[in-house]
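*Asks:* Fold the following for me, if possible:
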Amino acid sequence: RETLPFHHQMLPNLVSVILNKLPTTYAIYYLGCKPGTHNTAFLLVLTADHEEGEALSLGTMLEESCRPIDAFILVHYASAVVNAINRGDHFFNRALSCPALYISGNMLLPNSDVIKPNTVVDFGEASWERWRKQAKEFLLGAAYYLSVEAYSAALFSLHQCAEDILIAIVRSILGYKINSHNLLRLLRVT
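*Replies:* The predicted structure follows:
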């Protein structure tokens with residue numbers, strides 16, 4: 001929850017790059033760093049609802065713009081985050097209780113009594129079972145496709161299996177409803 005000395009040096013640069021590349025930014029939160037190496041900063045960026053870019057694409061664009069600093073950036077539209085907090089969303093309740101690196105003043109954040117950083121993930125087991133079951137089915141499909149030498153279909157099924165297991169981990173542990181087909185991105189979040 002606290003920034004590391006290494007991050008104290010690089011976070012102002014990250015904030016500057018983000019604000020320059022995405023002027024519709026309302027807020028930037030420091031979610032933490034990659035365990036063990038501490039070289040990756042994880043950030044949550046809230047942007048205006050009228051921003052025309054797709055949130056996932058905006059995150060990728062910002063990450064590329066921040067290089068050589070290693071940053072993992074989740075971009076979300078402000079109204080979606082506020083609605084999620086009002087519903088008691090585990091991930092966003094925790095994220096908005098993290099240190100704010102930038103707040104524009106153009107957005108009304110929920111009152112601090114609405115944000116509950118210790119919200120319990122009550123859907124974790126159900127989420128895990130749903131995605132694990134689907135991953136297992138793709139694994140069975142891959143085995144079948146290999147047995148009939150349909151290698152492209154087997155590879156696709158294995159990719160889907162890995163994707164579903166990673167989604168299961170992120171959704172059930174973090175409570176973050178990630179939707180990505182990019183295995184490297186899913187691994188970084190995991």
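*Asks:* what lines up beside the longest strand anywhere in the chain in the sheet?
*Replies:* In the chain, taking DSSP state E as the definition, the longest strand is strand 25-33. For strand 25-33, the paired strands and their directions (DSSP bridges) are strand 41-47 (antiparallel), strand 100-103 (antiparallel).
*Asks:* buried residues in the last one?
*Replies:* In this case it means strand 100-103. Under the neighbour-count criterion of 16 or more other Cβ atoms under 10 Å, strand 100-103 has L101, Y102 buried. Every C-beta, even on glycine, is put in place using the N, C-alpha and C of the backbone.
*Asks:* Show me the contact partners of it.
*Replies:* By Cβ atoms under 8 Å, 6 or more residues apart in numbering, the surrounding residues in contact with strand 100-103 are 11, 14-15, 18-19, 25-30, 43, 109.
*Asks:* Scan the protein for its longest helix.
*Replies:* Criterion DSSP state H: the longest helix present in the chain is helix 124-147.
*Asks:* Show me what the helix or strand following it packs onto, helices and strands only.
*Replies:* Later in the chain than helix 124-147, the nearest helix or strand by DSSP states H and E is helix 151-169. Applying 3 or more Cβ pairs under 8 Å, 6 or more residues apart in numbering; DSSP states H and E, we find helix 151-169 packed against helix 124-147, helix 183-189.
*Asks:* What lies in contact with the last one?
*Replies:* Spelled out, that is helix 183-189. 40, 60, 72, 159, 162-163, 166-167, 170, 174, 176, 178, 180.
*Asks:* so which of these comes closest to H50?
*Replies:* T60 (20.2 Å; Cβ to Cβ).
*Asks:* Could you tell me how many residues sit around the closest one?
*Replies:* 16 (other Cβ atoms under 10 Å).
*Asks:* One more: V45?
*Replies:* Neighbours of V45 (other Cβ under 10 Å): 24.
*Asks:* likewise Y29?
*Replies:* Y29 has 22 nearby residues by other Cβ under 10 Å.
*Asks:* now P35
*Replies:* 7.
*Asks:* Could you do G141 as well?
*Replies:* 18.
*Asks:* residues contacting the closest residue to it other than its chain neighbours?
*Replies:* Leaving aside its sequence neighbours, G141 sits nearest to S157 (Cβ to Cβ, 6 or more residues apart in numbering; 4.3 Å). By Cβ under 8 Å, 6+ apart, S157 lies in contact with F138, L139, G141, A142, Y145.
*Asks:* Relative to its centre, which residue of this structure is most distant?
*Replies:* Taking Cα atoms, centre = their mean, the residue of the chain most remote from its mean C-alpha position is V148, at 37.5 Å.
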